[in-house]
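> Build the 3D model from these lines:
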Amino acid sequence: MYVRAPFGGLFSPAPKKYDFAFEEVTITPARAKVVSFSAPYFDANQGVLIRKGLTKPTHIADLKKLQLCAQASTTGLAYIQHTLRPAKKALVYSASSSAAFDAVESKKCDALILDVPIVVSQSQKKPGAYGGVVGQIVTHEGYGAVMDKGSKLKPSLDKAIKALKANGTIDRLQKKWLPFTKVPILT
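Prediction:
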């Protein structure tokens, strides 16, 4: 059975209604302290979704002057706070990305920094609501399935993911279904 697992509850120690979750979750050392991750099944970067009417930034340095926003507890927020360090404090939205997307759409936020596949998907769901996904920031992040710390399923899941990567299945699926590979790199 398939159950949707909200991002905000993935790292909770409370019992879950699933054995593992494929929820576009970046593997980080901090998160790995409370959950186990599968082998990475996907390589992702951070994407930049801008508000309608904003002059498109062409370099990472251009982002420092903007009012940025991010979803709480994400690697996008960590990138803003620890690497980019913009002039203005970033607006941070709760455990759901919906509020961050609303802030971009309502022009409270100039640019949202969040995983490329997520911002591309949202931009396609609401064409014309945003200024578009102007680029991706290379961060070399990996997505992994999330499961309880020490899950007995980890070895089997890792083996299956590695086999799908080795035989090219994951690459073929990404090329067919995930258009963000065409998003330019911001330097």
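> Need the pLDDT of the residue nearest the centre of the chain.
Per C-alpha atoms, centre = their mean, the C-alpha nearest to the average position across the chain is that of D115, at 2.7 Å. Listed pLDDT for D115 reads 93.
> Bridge partners for it, pull those for me.
Judged by DSSP bridges, the bridge partners of D115 are Q46.
> I'd like the distance between it and K56.
20 Å (C-beta to C-beta, to the nearest Å). Glycine gets a C-beta too; all of them are placed from N, C-alpha and C.
> Could you pull up the residues touching the residue nearest to the centre of the chain?
Contacts for D115 (C-beta atoms under 8 Å, 6 or more residues apart in numbering) come out as E24, T26, A44, N45, Q46, G47, T74, T75, G76, E141.
> The same query, at a cut-off of 7 Å, please.
By C-beta atoms under 7 Å, 6 or more residues apart in numbering, the residues touching D115 are E24, A44, Q46, G47, G76.
> tell me the domain ranges of this structure?
As assigned by automatic domain parsing, the chain contains the domains 1-41+144-163, 44-140.
> right, and those domains - which one's nearest I185?
Across the domains of the chain, I185 has its closest neighbour in domain 44-140 (5.9 Å, C-beta to C-beta).
> On the pLDDT front, check T75 for me.
The model's pLDDT for T75 equals 94.
> Surely K65 is within a strand?
No. Secondary structure of K65 (DSSP: H, G, I helix; E, B strand; the rest coil): coil, not part of a strand.
> What about G135? Give its phi and psi, please.
For G135, the backbone dihedrals (degrees, to the nearest 10) come out as phi 170, psi 180.
> what's near enough to touch L84?
Taking C-beta under 7 Å, 6+ apart, we find L84 in contact with L63, K64.
> Just put the contacts of D115 in CSV and tack on neighbour count and distance to A61.
Below are the contacts of D115 laid out as CSV (neighbours: other C-beta atoms under 10 Å; distance: C-beta to C-beta, whole Å):
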residue, neighbour count, distance to A61
E24, 15, 28
A44, 21, 22
Q46, 28, 15
G47, 27, 17
G76, 29, 17
